[in-house]
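Participant: pasting the structure only:
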């Protein structure tokens, strides 16, 4: 399948956190990897990425969908919903998702949606499991209703493997982004680097003291700052991602990646 205009929408996962380019200044992520692979079969491909970290589905609908439709894409990916789960914003989630996907499928020939991994695997987030499951059910039914393609990340046998995630254990790391890109390319019928879906080697066992030390460092450097930041943002009326702009707001040739 050949595409001319690819637009990515979503939150931090679609923006590319935590997969940095070698220069350490820009996030890459599965969307850039997907665009680069697509350009090998569609050399004239142009690519835009409107995703911004922290965005909920209602914000994606208001801020990103109109910009995407205006660029007349023939391929759109939408990865979102995690912030809706974390912020308990359920009243508008179903409506925002359905409205966004309806508009995108009308504008683009191919739209790809994604389920979410089980973020409730992390200590302290287990209470969120029913929300994650409900959101995934909603994403699946919305994709079917509008004829969108679906990448169900939960079908990857390594979906919950800690090695696919960054230091905060919530955002994908380099390996995780590679696997998601491979799954996207698979549903599009485009070859991917076979190493991206290679089975991970057996995890090495470590002493209990080292495991405890890693967990303590994770709590200190990632969990506590995140909780403190959330409380501070609520007090001052600030949203995660405020002040950040899309890394690639307009369609440009993939050769510029």
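Facilitator: Structure received. Please read these numbers as outputs of a predicted model, since none were measured by experiment.
Participant: can you count the residues close to residue 110?
Facilitator: 19 (other CB atoms under 10 Å). (Glycine included, C-beta is placed from N, CA and C.)
Participant: give me phi/psi at the spatially closest residue to it that is not a sequence neighbour?
Facilitator: In this structure, residue 110 finds its nearest non-sequential neighbour in residue 75, 4.8 Å apart by CB to CB, 6 or more residues apart in numbering. Torsion angles at residue 75 (phi, psi; degrees, to the nearest 10) stand at phi -140, psi 130.
Participant: Bridge partners for residue 75, pull those for me.
Facilitator: Per DSSP bridges, the residues bridged to residue 75 are residue 6, residue 110.
Participant: Distance check, residue 45 against residue 34.
Facilitator: Distance of residue 45 to residue 34, computed by CB to CB, to the nearest Å: 10 Å.
Participant: scratch that, residue 100 is what I was asking about
Facilitator: Residue 100 is 20 Å from residue 34, by CB to CB.
Participant: Then residue 243?
Facilitator: For residue 243, the distance to residue 34 equals 27 Å [CB to CB].
Participant: Compare the two (neighbour count), which wins?
Facilitator: A direct count of neighbours by other CB under 10 Å for residue 243 and residue 34 places residue 34 higher, at 27 against 7.
Participant: and the more buried one, what helix or strand is that in?
Facilitator: Per DSSP states H and E, residue 34 falls inside helix 29-39.
Participant: which is the next helix or strand following that helix?
Facilitator: Later in the chain than helix 29-39, the nearest helix or strand by DSSP H and E is strand 46-49.
Participant: which other residues reach the next helix or strand after that next one?
Facilitator: For strand 46-49, the succeeding helix or strand toward the C-terminus, using DSSP H and E, is helix 57-59. With contact meaning CB atoms under 8 Å, 6 or more residues apart in numbering, helix 57-59 is reached by 80-81, 84, 89, 92-93, 96-97, 100, 239.
Participant: The residue nearest to residue 110: neighbour count?
Facilitator: Residue 75 - counted by other CB under 10 Å - has 26 other residues nearby.
Participant: Settle this for me: it is touching residue 109, isn't it.
Facilitator: Yes: assessed by CB atoms under 8 Å, residue 75 is found in contact with residue 109 at 7.3 Å.
Participant: what's the closest non-adjacent residue to residue 101?
Facilitator: Leaving out its chain neighbours, the residue that sits closest to residue 101 by CB to CB, 6+ apart is residue 146, at 4.8 Å.
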